[in-house]
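S.K.: please find the sequence and the predicted model below.
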Amino acid sequence: MTHPFPETSTPDRERLVALARRSHAVIAGHQDPAGAYPASPTFSAYRGYAWLRDGSFTAEGMSRYGDVGSVDRFHDWVTRVLAARTGQVAGLVAAAEAGEDLPLDLMLPTRFTFDGSDGSDPWWDFQTDGYGMWLWAVVTHAQRHGLALDRWLSGIEVAVDYLAAFWDRPCYDWWEEHVEQRHVSTLGAIHGGLQAIAQAGVLDATRARRALDVAEQARQLVLAEGTTTGRAGDPAAPHLAKWLGSSAVDASLAACVVPFGLVDPASPIAAATLDAVARDLDVDGGVHRFRADVFYGGGQWLLLASLLGWNRAAAGDRPAALRHLVWAADHAVDDGEMPEQVPDHLLAPEHRDEWLDRWGTVATPLLWSHGMYLILADELGLLPEDDAR
């Protein structure tokens with residue numbers, strides 16, 4: 001746990017620390033015995049499934065909290081899931097190298113059942129960001145706690161081979177939309193994961209070189225085609241864009257700065273990207289996904305408030321980071337569970353009822369929200385002391 005900033009006031013500190021303890025309990029209480037972190041244990045569309053994306057950030061929060069056993073079990077689960085698909089990935093890579101056209105339904109899914117199977121119901125499945133996120137998460141966890149990565153090597157090799165072959169293929173984004181685009185946040189996650197694992201010293205020399213090469217190719221592609229000078233007539237510095245060739249802003253772009261380092265956090269383009277996210281999507285500390293969002297009316301997401309706060313904390317701006325943490329804490333429900341989003345400042349209120357009719361109330365708890373809260377609480381020195389965990 002880090003303590004880079006002075007103390008907050010005692011009442012606020014006690015409340016924020018208590019919610020960190022509750023977040024750990026929610027995640028630990030819902031973790032499947034086999035190791036998967038469910039996206040949400042009660043939400044109709046998520047129930048029974050685990051995403052690599054959600055799980056990787058949830059694992060990072062739990063790793064920071066110090067629950068090494070829980071995180072080990074998650075990485076064990078991912079490794080079993082991926083190792084079981086070694087032959088499938090080898091076949092896909094060989095087919096791609098032979099110039100075959102590979103339909104989306106042959107690619108690895110973005111979510112799995114708790115026993116590691118593919119889902120049986122239709123979903124927007126071809127998404128590569130989670131594989132990069134998992135590589136980053138497993139390396140970060142191992143380094144934090146002095147663990148050997150060999151335990152997870154069979155899964156790591158599958159993820160590296162898969163990303164090295166298909167990193168630049170259009171796919172669905174973080175929000176499972178726009179399969180026709182190459183998304184900057186996806187490329188950022190791939191860059192972060194491949195760079196982390198290549199430098200970790202566990203890969204064979206050929207895979208390590210390939211991982212570093214692809215990570216750099218992803219970065220160069222974004223710098224060449226995934227930036228914008230901003231809105232028309234705006235003289236601001238260029239910032240990252242939602243997808244290659246776009247001028248839109250997406251809150252997930254913050255992850256390209258911290259933690260994935262696609263752009264140097266000290267660079268002008270990083271500062272301009274975070275400022276664009278704040279300018280377009282931050283209202284009172286809560287953060288929207290993107291301006292055109294209609295999902296449940298386009299509310300504000302707790303996990304995105306924590307992501308932007310994480311970036312502000314990493315840049316040394318405690319007041320801004322704390323503002324986002326307090327906002328997230330203020331929007332937990334009475335029992336301390338955190339929803340996916342809240343209907344504050346809806347961007348498209350006319351669409352809210354159609355989603356309520358389709359899938360029911362908003363996912364609560366969303367384990368990703370709790371995981372991101374733990375990350376930001378750690379950045380601010382607001383996790384419980386070791387003897388209280």
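M.R.: Cool, the structure landed.
S.K.: list the contacts of the lowest-mean-pLDDT helix or strand in the chain.
M.R.: Using mean pLDDT, DSSP states H and E, strand 227-228 stands out as the lowest-scoring helix or strand of the chain, at a mean of 91. Strand 227-228 has contacts (C-beta atoms under 8 Å, 6 or more residues apart in numbering) with 238, 239, 240, 241, 246, 247, 269. Just so you know, the C-beta spots here come from the backbone N, C-alpha and C atoms, and that holds for glycine as well.
S.K.: what is the neighbour count of the fifth one?
M.R.: As a burial measure, the neighbour count of residue 246 was computed by other C-beta atoms under 10 Å and equals 19.
S.K.: so it is in which element?
M.R.: Secondary structure from DSSP states H and E places residue 246 outside every helix and strand.
S.K.: show me what contacts it?
M.R.: With contact set as C-beta under 8 Å, 6+ apart, residue 246 has these partners: 181, 226, 228.
S.K.: just the closest of those to residue 294, please.
M.R.: residue 181 (17.6 Å; C-beta to C-beta).
S.K.: so the closest one touches residue 244, yeah?
M.R.: Yes. With contact defined as C-beta atoms under 8 Å, residue 181 reaches residue 244; the gap is 7.0 Å.
S.K.: give me the domain ranges for the chain.
M.R.: 31-225, 228-384 (automatic domain parsing).
S.K.: could you redo the contacts of residue 246 as a markdown table and give each row distance to residue 23 and neighbour count?
M.R.: Shown next, in a markdown table, are those (distance: C-beta to C-beta, whole Å; neighbours: other C-beta atoms under 10 Å):
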| residue | distance to residue 23 | neighbour count |
| --- | --- | --- |
| 181 | 33 | 17 |
| 226 | 33 | 25 |
| 228 | 35 | 20 |
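S.K.: so which of the residues you listed is the closest to residue 140?
M.R.: residue 226 (24.3 Å).
S.K.: what about the closest one, distance to residue 239?
M.R.: According to C-beta to C-beta, to the nearest Å, residue 226 and residue 239 sit 10 Å apart.
S.K.: counting neighbours, what do you get for residue 63?
M.R.: The number of residues packed near residue 63 is 27, by other C-beta under 10 Å.
S.K.: meant to ask about residue 29, not that
M.R.: Neighbourhood size, residue 29 [other C-beta under 10 Å]: 9.
S.K.: likewise for the one 5 residues further on?
M.R.: Taking other C-beta under 10 Å as the criterion, the count of residues near residue 34 is 16.
S.K.: host element of it?
M.R.: Applying DSSP H and E, one finds residue 34 in no helix or strand.
S.K.: just checking, it touches residue 114?
M.R.: Yes. The criterion here is C-beta under 8 Å, and residue 34 meets it with residue 114 at 5.7 Å.
S.K.: rewinding a little: counting contacts, what elements does the next helix-or-strand element following the least confident helix or strand of the chain pack onto?
M.R.: As assigned by DSSP H and E, the chain's next helix or strand after strand 227-228 is strand 239-240. Using 3 or more C-beta pairs under 8 Å, 6 or more residues apart in numbering; DSSP states H and E, the elements in contact with strand 239-240 are strand 227-228, helix 268-281.
S.K.: mind listing what's buried in the longest one?
M.R.: Okay, so that is helix 268-281. Across helix 268-281, burial judged by 16 or more other C-beta atoms under 10 Å covers 269, 270, 271, 272, 273, 274, 276, 277, 278, 280, 281.
S.K.: what's the average pLDDT for it?
M.R.: Averaging pLDDT along helix 268-281 gives 96.
S.K.: likewise for stretch 173-189?
M.R.: For stretch 173-189, mean pLDDT rounds to 97.
S.K.: could you list the buried residues of that stretch?
M.R.: Result for stretch 173-189 [16+ other C-beta under 10 Å]: buried residues 173-178, 181-189.
S.K.: closest to residue 152 out of the residues you listed?
M.R.: For the buried residues of stretch 173-189, the nearest to residue 152 is residue 189 (17.9 Å; C-beta to C-beta).
S.K.: do I have it right that that closest one meets residue 135?
M.R.: No. At 9.0 Å, residue 189 does not count as touching residue 135 under the criterion of C-beta under 8 Å.
S.K.: returning to what we had before: which of the helices and strands packed on strand 239-240 sits closest to residue 367?
M.R.: Closest approach to residue 367 among the helices and strands packed on strand 239-240 (C-beta to C-beta): helix 268-281, 22.6 Å.
S.K.: what packs against the closest one?
M.R.: Checked by 3+ C-beta pairs under 8 Å, 6+ apart, helix 268-281 has strand 239-240, helix 302-314 packed alongside it.
S.K.: partner strands of the helix or strand following it, with direction?
M.R.: Using DSSP H and E, the helix or strand that follows helix 268-281 in sequence is strand 282-283. Within its sheet, and counting by DSSP bridges, strand 282-283 is paired with strand 286-287 (antiparallel).
S.K.: and the gap between residue 107 and residue 116?
M.R.: From residue 107 across to residue 116, the span is 17 Å (C-beta to C-beta).
S.K.: and residue 171, how close does it get to residue 241?
M.R.: Look at residue 171 and residue 241: by C-beta to C-beta, they are 17 Å apart.
S.K.: please apply the same query to residue 136.
M.R.: Taking C-beta to C-beta, one finds residue 136 at 22 Å from residue 241.
S.K.: ditto for residue 209
M.R.: Counting by C-beta to C-beta, the gap from residue 209 to residue 241 is 30 Å.
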